[in-house]
Every structure is written in structure tokens, then in C-alpha cells.
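*Asks:* following is a predicted model, sequence given first.
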Amino acid sequence: MAYDEHLADRLRTAFATVGERAIEKRMFGGIAFMVNGHMTCGLNGDQLMVRVGKDAHDDAAKLPHTRPMDFTGRPMRGYLFVDAEGFDDDADLDAWVARCLAFTKTLPPK
């Protein structure tokens with residue numbers, strides 16, 4: 001599946017806003033943004049893939065426009081899809097990037 005290039009540009013800007021360099025990698029049929037070698041967030045079509053970690057999963061899953069990330073029939077705990085309405089404005093997208101970075105920054109660099 002392709003991804004929305006405009007949304008990818010918005011993610012690039014969000015990472016630049018927080019001063020974080022993210023490496024882009026094709027993954028899950030879309031594009032993933034990697035920090036310190038770890039998938040942090042990404043795009044699949046017009047939906048955002050977020051990695052919030054297992055401890056933050058339940059709270060993040062209660063936020064509007066989220067659902068479990070499921071490619072194989074088994075949801076991946078710690079990962080969610082966010083529909084476009086959940087990151088319509090830049091402040092919402094920035095908040096998702098911050099949530100993702102809060103988790104991936106706890107992981108040792110690869």
C-alpha cells in the first residue's frame with residue numbers, strides 16, 4: 001500500500017520541530033520513521049502508525065480515532081493506527097510524535 005506524501009512531509013516537519021532526526025524506511029507497505037534504529041511512527045495509506053509501547057498502549061488506545069495495529073489477525077500491543085481525523089492539525093500530529101518519542105527514547109540505540 002502506498003502512503004500519502006503530504007502526510008510524510010508533515011511528519012518530517014514534526015520531527016524537525018522537536019529537533020529529532022528520523023531515518024525513513026519502507027516498512028509495512030508504507031513508510032516508517034526510525035529513531036536510533038527503532039520504528040517510532042509511520043504511515044500506511046492515510047493512517048498514522050504509532051509506537052507508544054506496551055505500558056502506554058491502553059491509555060493511548062482510549063484516545064479518539066485510534067485502533068489496534070493489526071496486519072496478521074493478531075494486534076500488536078504497543079502499536080496503534082490513528083485515523084486521519086486524529087491528527088488533522090499539526091498540534092495533534094506533534095502530540096503523537098511526542099508520545100512515540102517518549103517510548104522509543106527509552107530503548108537502547110541499535
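*Replies:* Perfect, I can see it now.

*Asks:* give me the pLDDT for the residue of the chain most remote from its centre.
*Replies:* Taking CA atoms, centre = their mean as the measure, the residue most remote from the mean C-alpha position of the chain is residue 73, 19.8 Å away. Residue 73 carries a pLDDT value of 84.

*Asks:* equivalent analysis for residue 26, please.
*Replies:* For residue 26, the predicted pLDDT is 91.

*Asks:* and the strands in the protein?
*Replies:* Secondary structure of the chain (DSSP state E): strands at 23-27, 30-35, 38-44, 47-51, 66-68, 79-82.

*Asks:* switch those over to TSV; also include distance to residue 59 and mean neighbour count.
*Replies:* C-beta coordinates here come from the backbone N, C-alpha and C atoms, glycine included. Shown next, in TSV, are the strands of the chain (distance: least, CB to CB, whole Å; neighbours: other CB atoms under 10 Å):
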stretch	distance to residue 59	mean neighbour count
strand 23-27	25	13
strand 30-35	21	22
strand 38-44	17	23
strand 47-51	12	25
strand 66-68	10	15
strand 79-82	11	23
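
*Asks:* what's the spacing between residue 103 and residue 94?
*Replies:* 16 Å (CB to CB, to the nearest Å).

*Asks:* which of the two has more residues huddled nearby?
*Replies:* Taking other CB atoms under 10 Å, residue 103 and residue 94 do not tie; residue 103 has more neighbours (20 against 17).

*Asks:* can you tell me which residues contact the more buried one?
*Replies:* Neighbouring residues of residue 103 by CB atoms under 8 Å, 6 or more residues apart in numbering: 51, 52, 53, 56, 78.

*Asks:* how about 10 Å then?
*Replies:* Under the criterion of CB atoms under 10 Å, 6 or more residues apart in numbering, the neighbours of residue 103 are 38, 40, 50, 51, 52, 53, 54, 55, 56, 57, 60, 78.

*Asks:* same check on residue 26?
*Replies:* Counted by CB under 10 Å, 6+ apart, residue 26 has contacts 3, 32, 42.
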